[in-house]
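**Q** Kindly return the folded structure for what I paste below:
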Amino acid sequence: MDMISEISREMGLNENQVKAVAELLDEGGTIWFIARYRKEKTGSLDEVAVADIRDRLTAFKAFADRKAAILKSLTERELLTFELSGAIEKTRTLNELEDLYEGYKPRKLTRATKARERGLAPLARFIRAQPRGDLNQEAGRCIDPDKDIPDADTALAGARDIIAEELSQDPAVRRAVRQFFQSKAQIRSRVKKANQDPKYKDYFDWCEPAFKAPSHRVMAMFRGQKENCLTVHVLPEEDPALHLMGRFALRHPSKTGPEIRDQMLLAIKDSYKRLLSKSMEKEIMAELKARADSLAIDVFAKNLKELLLSAPMGEKRVMAVDPGFRTGCKIVCLSAQGRLLHHDLLYLHQEDKAKSLIKGLAAEYKIQAIAVGNGTAGRETKELVVSALKEASMDKNIEVVMTDESGASVYSASDCAREEFPDQDITVRGAVSIGRRLMDPLAELVKLDPKSIGVGQYQHDVDQTLLRNSLDDVVKTCVNRVGVEMNTASKELLSQVSGLNKTIATNLVAFRNENGPFTSRRQLLKVPRLGPKAFEQAAGFLRVKNGKNPLDNSGIHPESYPIVQAISKDLGWEINTVIGQENLFQSIDLTPYVTPETGLPTLEDIIKELSAPGRDPRQAFQSFSFDDTVREMSDLKPGMTLPGIVTNVTAFGAFVDVGVHQDGLVHISQLADRFVKDPNEVVRARQQVRVRVLEVDAARKRISLSMKKPGGAS
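**A** From the prediction side, this is the model:
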């Protein structure tokens with residue numbers, strides 16, 4: 001099968017586009033470099049399309065490898081015929097391939113194998129032929145006490161075992177039964193009496209069409225099964241399935257004797273119940289799991305992307321407070337570049353002393369913003385901080401921001417944090433992380449395992465390899481879209497840049513520490529292990545602020561610098577003086593600069609960068625505050641309208657933090673005054689919204705919210 005043409009057909013793309021991406025990937029190109037700097041070759045495919053092509057190529061190669069392994073196995077066992085080889089080569093899906101191989105797989109001793117060894121294959125063939133012959137006479141010939149066949153019934157049972165196995169391995173039968181399962185199977189869950197966990201109450205006795213079941217319900221049932229609380233089966237009605245198999249195995253009643261037909265019916269039923277239904281159920285459950293995994297991973301990836309691209313406050317001198325009642329609040333002061341300047345501890349019950357400390361540190365370190373973690377005691381801590389600033393008349397100059405602290409504790413105990421702050425305890429490291437997250441969420445969050453950030457759905461139940469690969473792509477996409485300042489970035493952030501890895505990032509930081517700040521991108525080539533290929537892939541995404549060449553602080557790749565020089569020379573401009581003056585670049589005729597290697601897409605990108613070099617694609621920072629009158633679930637009343645922050649978007653709705661230490665759910669049916677198929681159409685993680693309280697269930701810790709207008713359509 002031609003991978004290029006097949007992928008082109010699947011994705012609706014020109015074959016030249018797919019071929020170009022495949023070649024660039026083979027040459028060591030990353031999806032981010034290809035999407036950004038090779039638009040002429042790919043027809044301007046974005047990183048999503050490039051990643052899809054990469055994944056499809058990987059799947060096709062895995063399919064080809066499986067074919068090769070099967071052919072090798074058949075050859076070594078002297079089972080490969082010309083016809084079988086041709087049939088294998090013609091298969092287009094893994095299911096087709098495995099169905100074809102089903103009858104040739106090496107197996108342990110089965111009931112059918114034992115029956116064949118006892119010489120019952122001829123009787124099985126006789127029954128499958130379904131003649132009008134004498135069945136008892138044929139079965140009687142097989143009686144042989146030495147072969148453990150004392151009577152005709154034993155012989156017939158062995159023959160049925162052979163027929164049952166043959167039917168279960170027949171590619172046409174398997175294909176038909178699979179399609180029947182896919183269209184008619186029901187997913188059923190039942191509670192195990194010994195373990196009636198109330199969180200699975202909705203699934204104690206549940207049944208619905210398997211392939212219409214929402215992914216979150218499928219995942220919940222499978223998790224309940226994994227935790228030994230539920231039994232889950234995916235099966236269609238038995239009689240129609242048997243009838244379907246009979247269409248492949250039975251002759252018309254008028255053409256066969258009733259005794260032989262009865263034997264065939266028994267063999268069909270045994271084949272289905274003992275072999276084929278179990279095989280298909282396992283396969284269909286795996287397919288449902290894969291579908292649910294894919295959707296859950298997609299939800300996680302979208303949420304992570306929004307979180308990583310949250311608006312940064314930017315380089316500000318920040319005080320960060322990690323709240324706490326019993327152990328006190330850890331407080332740190334950071335430079336505008338995130339360097340730890342001071343740390344201290346305050347207690348909320350020592351109000352005067354705490355306020356004095358806040359005012360003193362704010363003045364001493366010229367603090368411009370204060371980040372307060374949104375965990376336990378966060379609201380009380382923020383009120384104390386605001387009150388202290390008002391008393392000192394600092395409240396108009398210093399913004400106080402509740403900051404999401406998810407994962408800060410994970411960072412504080414990580415090797416990365418210990419390496420950066422070997423002499424500080426985890427409370428100091430956690431507070432530093434909260435402060436830096438306000439300044440630049442992306443730069444701080446890349447230090448965490450994405451699964452610890454808390455924006456996923458069933459992230460511990462899905463395929464971990466697929467999840468890791470998907471989230472790695474998201475992190476790299478966000479990092480490369482924003483760009484990285486190479487003189488201040490951590491090695492964790494640098495390792496996510498196109499073309500770089502942990503080793504090169506570590507070498508880059510070591511080179512910077514030893515030789516001082518980089519003054520040009522070309523200096524990258526002096527970094528150990530960072531060769532010409534890595535430079536090609538990485539340079540466009542790295543920035544040098546205040547370097548010798550202003551283009552080094554833009555998204556223009558060094559390979560395109562000669563084009564910029566040609567444009568500036570033709571127009572009589574000094575690039576140092578005109579870069580960033582947006583109006584100057586709007587009317588340039590780019591056609592004279594088009595070459596076979598550089599087309600209009602790249603030239604237009606160059607002009608955008610010259611107009612606004614290194615522009616941050618993230619939104620401008622907006623402050624947010626919860627309703628001061630609402631602190632606990634008991635403060636919530638139906639009908640209240642409150643400000644909130646979307647913390648997680650799922651397939652069935654969005655979770656919103658309204659400041660009561662328990663997120664509420666806006667069900668998909670309550671997201672808008674119109675039908676919503678995908679919650680991502682309406683909301684995104686970290687979005688500021690206004691919600692209305694519908695219901696509060698304190699016992700189950702559930703809050704139902706709505707974003708519909710009061711009195712809107714239901």
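
**Q** which residues does the nearest residue to Pro236 once chain neighbours are set aside contact?
**A** Nearest non-adjacent residue to Pro236, counting by Cβ to Cβ, 6 or more residues apart in numbering: Lys184, 4.0 Å away. C-beta here means a position set from N, CA and C on the backbone, and glycine is covered the same way. By Cβ atoms under 8 Å, 6 or more residues apart in numbering, Lys184 lies in contact with 209, 236-237, 240.

**Q** So which of those sit within helices?
**A** Using DSSP state H, the members of these that fall within helices are Pro240.

**Q** can the contacts of Lys184 go into CSV with extra columns for neighbour count and pLDDT?
**A** Compiled in CSV, the contacts of Lys184 are given as follows (neighbours: other Cβ atoms under 10 Å; pLDDT from 0 to 100):
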residue, neighbour count, pLDDT
Pro209, 12, 97
Pro236, 22, 97
Glu237, 12, 97
Pro240, 11, 97
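
**Q** So which of the contacts of Lys184 is the closest to Arg160?
**A** Nearest to Arg160 out of those is Pro240 (Cβ to Cβ; 21.7 Å).

**Q** Quick check: the gap between the closest one and Arg56.
**A** For Pro240, the distance to Arg56 equals 35 Å [Cβ to Cβ, to the nearest Å].

**Q** check which helix or strand covers Gln263.
**A** Using DSSP states H and E, the element containing Gln263 is helix 258-270.

**Q** In that helix, which residues are buried?
**A** Of the residues in helix 258-270, 260-261, 263-270 count as buried by neighbour count, 16 or more other Cβ atoms under 10 Å.

**Q** Then stretch 35-46?
**A** So stretch 35-46, judged by 16+ other Cβ under 10 Å, has buried residues 35-42, 45.

**Q** Helix or strand for the nearest residue to Glu138 once chain neighbours are set aside, just tell me which one.
**A** Spatially, and ignoring its direct neighbours in sequence, Glu138 is nearest to Phe126 (5.2 Å; Cβ to Cβ, 6+ apart). Counting by DSSP H and E, the element that carries Phe126 is helix 121-129.

**Q** What are the contacting residues of that helix?
**A** Residues contacting helix 121-129 (Cβ under 8 Å, 6+ apart): 115, 133, 135, 138-139, 141-142, 155-156, 158-160, 162-163, 166, 249, 260, 263-264, 267.

**Q** quick one on the thing from earlier: counting contacts, what elements does the helix holding Gln263 pack onto?
**A** Counting contacts by 3 or more Cβ pairs under 8 Å, 6 or more residues apart in numbering; DSSP states H and E, helix 258-270 packs against helix 121-129, helix 135-141, helix 152-169, helix 238-249.

**Q** Need the nearest residue in space to Pro150, chain neighbours excluded.
**A** Using Cβ to Cβ, 6+ apart, the closest residue to Pro150 is Ile143 (6.9 Å).

**Q** per-residue confidence for that neighbour?
**A** Ile143 is assigned 96 on the pLDDT scale.

**Q** I'd like to know how far it sits from Lys491.
**A** Applying Cβ to Cβ, the value for Ile143 to Lys491 is 79 Å.

**Q** The two: who's more crowded?
**A** In terms of neighbours (other Cβ atoms under 10 Å), Lys491 is the more surrounded of Ile143 and Lys491; the figures are 21 against 13.

**Q** Confirm for me that that one is in contact with Ile504.
**A** No - under the criterion of Cβ atoms under 8 Å, Lys491 is not in contact with Ile504, lying 9.3 Å apart.

**Q** List every C-alpha atom in the helix or strand harbouring Glu83, with coordinates, as CSV.
**A** Following DSSP H and E, one finds Glu83 within helix 82-90. Output of helix 82-90 as CSV, limited to C-alpha atoms (Å, rounded to 0.1, in the frame of the first residue of the first chain):
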residue,chain,number,x,y,z
PHE,A,82,1.5,-17.9,-2.8
GLU,A,83,-2.3,-17.3,-2.2
LEU,A,84,-1.9,-16.5,1.5
SER,A,85,1.0,-14.1,0.8
GLY,A,86,-1.0,-12.2,-1.8
ALA,A,87,-4.0,-12.0,0.6
ILE,A,88,-1.8,-10.6,3.3
GLU,A,89,-0.3,-8.0,1.0
LYS,A,90,-3.8,-6.8,0.0
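
**Q** pLDDT of stretch 282-296, averaged?
**A** The average of the pLDDT scores along stretch 282-296 is 95.

**Q** In contact with Glu283, which residues?
**A** Counted by Cβ under 8 Å, 6+ apart, Glu283 has contacts 95, 178.

**Q** On the three-state scheme, it is what?
**A** helix (DSSP: H, G, I helix; E, B strand; the rest coil).

**Q** same thing with the one 4 residues further on?
**A** Put simply, Glu287 is helix when judged by three-state DSSP.

**Q** possible to save the buried residues of stretch 35-46 as a markdown table with secondary structure?
**A** Listed next are the buried residues of stretch 35-46 as a markdown table, based on three-state DSSP:
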| residue | secondary structure |
| --- | --- |
| Ala35 | helix |
| Arg36 | helix |
| Tyr37 | helix |
| Arg38 | coil |
| Lys39 | helix |
| Glu40 | helix |
| Lys41 | helix |
| Thr42 | helix |
| Leu45 | coil |
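
**Q** Tell me the one of the residues you listed nearest Glu582?
**A** For those, the nearest to Glu582 is Arg36 (20.9 Å; Cβ to Cβ).

**Q** In the protein, what helix or strand scores lowest on average pLDDT?
**A** helix 575-578 (a mean of 84; mean pLDDT, DSSP states H and E).

**Q** chain center to that one, what's the gap?
**A** Relative to the mean C-alpha coordinate of its chain, helix 575-578 is positioned 43 Å out (Cα atoms, centre = their mean, to the nearest Å).

**Q** Could you do stretch 486-506 as well?
**A** Relative to the centre of its chain, stretch 486-506 is centred 22 Å away, using Cα atoms, centre = their mean.

**Q** For it, buried residues please.
**A** 486-500, 504-506.

**Q** Which ones among these map onto helices?
**A** Filtering the buried residues of stretch 486-506 for helices - DSSP H - leaves 491-494, 504-506.

**Q** Closest one of those residues to Asp697?
**A** Distances from Asp697 to those, taken by Cβ to Cβ, are shortest for Glu492, at 40.9 Å.
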